[in-house]
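Colleague: Sequence and predicted structure below; questions after.
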Amino acid sequence: MADPRLSDTSKFPDPIYKETVLKPLFDGAKSHHVDGFRRIDRAHLVMLVETGILDKELAAKIANALEAIDREIDPSTLVYTGEVEDFFFLIEKELRARIGVDIAGRLHTARSRNDIDHTLFKLGLKEKIDALMEKARLLLATMIDAAEREKSTLIVAYTHGQPAQPTTFGHYLSAAIEVLIRDIERFADARRIVDLSPMGAAAITTSGFPIDRARVAELLGFSAPLRNSYSCIAAVDYTTATYSAIELMFLHLGRLIQDFQFWTSFEVGQIYVPNALVQISSIMPQKRNPVPIEHLRHLASQTFGRARTMLDVMHNTPFTDMNDSEGETQGMGYEAFASASRVLDLLTALIAQIRIDPERVESNIRRSCITITELADSLVRIEGLSFREAHEIAAATAKSVVAAKGSLTDDGYEPFLKAFEHLAGRKPSVDFQKFKEIVSPEHFVAVRGRFGGPAPEPMTEAITAYREKLGAFEADARQAADHEAAAAAELKEKFTALGAR
């Protein structure tokens, strides 16, 4: 049988491969990574000169050609033709056309598309993480403001879908605030992983040239080079860490959104959504549909699903440089950032505007006897009963009030007296006025002054702590932004000094 290699007259790229793979990859690169390519070329060129690997005169010609390409080519207008394999080779082709093969080819000394690609993706992710975290901090600030504003506003807290105990809206929001703080911290951890430069790893093992990996990292705004060169091209934990953080944040926000949906139902109604965030029915004029909450729910789920998909794509891939983590996969992940951004903007607007309906809360508290736990607790403290005995008295009281469709505050004292005398064998010292105070929702909240509770003292302490944490996040963000700006300024200065016009 003849060797098929000897008779193969086909030419790259195959038309189907061009349309199904190369063109989408090219379009993705020109949409998302043009600035990354530009920065990497410049930083690498500066490093080659500073280390003496490349002559300054040759570097000046390369720098001038790179500048010419920027002036003369608008990437958004490019149409993939198949003449070159990808965007990287397009730049190299343009360089060769301007300064010749020999000089143009020197820019690629001691680097590979492997380390370039992962550096591109990290540059893109850092920018997207920073933009998303700015929105997350705004949501956090809005939630803290709302928690402080509503720290004395009573609500019904639910467990297992049933009215459980009274607390305040501020206390409820504080629970969500603490989760959001931890989610932002997870993002900060992910960013630290992203913020390590792969440049200088080349294909796998670095280079025999005396490159300065730390210098390239510095010029590109990274905190440092990623140490192990194999890890630079194989370890995609910067991707999995980022999308794990997105997945968890929007899983957690989705639970908050689900509660808001439940609380705005006609039967519960303890949240009032203002008209600006309500849509009417096309046929039922009595309806006020808080549709933005539904959009929040499905957008949060879309974000979660897109982030989870990124993790699924990484699953069972080989520990090496591979296309599974690159190009179109990174582009797909950016869709998670897009929907995440919409959720954070809309949820921030919603939380700033919603209010608690005090009449509905009062009605639901009255019908549900949810302050009965404090009656049992008070009987232990005041009457010296065991908690189990006090619990039985409280349970009997609540059962009678619910059966009569009454109010614990107004109608509970007589059933209480009867249950107490039956189970304790004596009359209580708690009179009617004391009973009303004990079973009031205001008293229920006020006596829960332990660390993390809803009473004014722990709530004030908590809000102070949340604002301090927000301040630390803002300070870290400013420091990161200053670092990125300084790196960009230095890269511009050093590149210009090479002789670029």
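Modeller: Thanks, I have it.

Colleague: Gly124 is in contact with Val34, isn't it?
Modeller: No. At 10.6 Å, Gly124 does not count as touching Val34 under the criterion of Cβ atoms under 8 Å. (Each C-beta comes from the backbone N, C-alpha and C, glycine too.)

Colleague: Please list all residues in contact with His160.
Modeller: For His160, the contact set (Cβ atoms under 8 Å, 6 or more residues apart in numbering) is empty.

Colleague: Compute the distance between Glu437 and Ala394, please.
Modeller: 15 Å (Cβ to Cβ, to the nearest Å).

Colleague: more neighbours, those two?
Modeller: Ala394 (27 against 14; other Cβ atoms under 10 Å).

Colleague: Surely Arg467 and Met143 touch.
Modeller: No. Taking contacts as Cβ under 8 Å, Arg467 lies outside contact range of Met143: 11.3 Å.

Colleague: Tell me which of those two has more neighbours.
Modeller: Met143 (24 against 15).

Colleague: Distance of the nearest residue to Ser76 once chain neighbours are set aside relative to Tyr80?
Modeller: In space, and not counting its chain neighbours, Ser76 is closest to Lys30: 6.9 Å by Cβ to Cβ, 6 or more residues apart in numbering. From Lys30 across to Tyr80, the span is 9 Å (Cβ to Cβ).

Colleague: How about Val313?
Modeller: 24 Å.

Colleague: repeat for Glu490
Modeller: Note on Glu490: its distance to Tyr80, by Cβ to Cβ, is 34 Å.

Colleague: more crowded one of the two?
Modeller: Tyr80 (19 against 15).

Colleague: So Glu94 sits against Arg71, correct?
Modeller: No. Counting by Cβ under 8 Å, Glu94 stays clear of Arg71, with 11.5 Å between them.

Colleague: These two: who's more crowded?
Modeller: Higher neighbour count among Glu94 and Arg71: Glu94, with 18 against 9, using other Cβ under 10 Å.

Colleague: Got phi/psi on that one?
Modeller: Note on Glu94: its backbone torsions stand at phi -70, psi -40 [degrees, to the nearest 10].

Colleague: any idea how far it is from Pro13?
Modeller: Counting by Cβ to Cβ - Glu94 and Pro13 are separated by 19 Å.

Colleague: now swap in Leu138 and tell me
Modeller: 46 Å.

Colleague: Could you do Arg450 as well?
Modeller: 69 Å.

Colleague: more crowded one of the two?
Modeller: Pro13 (16 against 10).

Colleague: can I assume that one is in contact with Asp86?
Modeller: No. With contact defined as Cβ under 8 Å, Pro13 does not count as touching Asp86 (10.5 Å).

Colleague: what residues are shared contacts of these two?
Modeller: Counting by Cβ under 8 Å, 6+ apart, the residues touching both Pro13 and Asp86 are Leu22.

Colleague: one step back: next, count neighbours for the residue nearest to Ser76.
Modeller: 19.

Colleague: quick check, Arg227 in a helix?
Modeller: No. Going by DSSP: H, G, I helix; E, B strand; the rest coil, the assignment for Arg227 is coil, not a helix.

Colleague: For the closest residue to Asn364 other than its chain neighbours, give the beta-bridge partners.
Modeller: With Cβ to Cβ, 6+ apart as the criterion, Asn364 has its nearest non-adjacent residue at 4.9 Å, and that residue is Val156. For Val156, the beta-bridge partners under DSSP bridges are Pro166.
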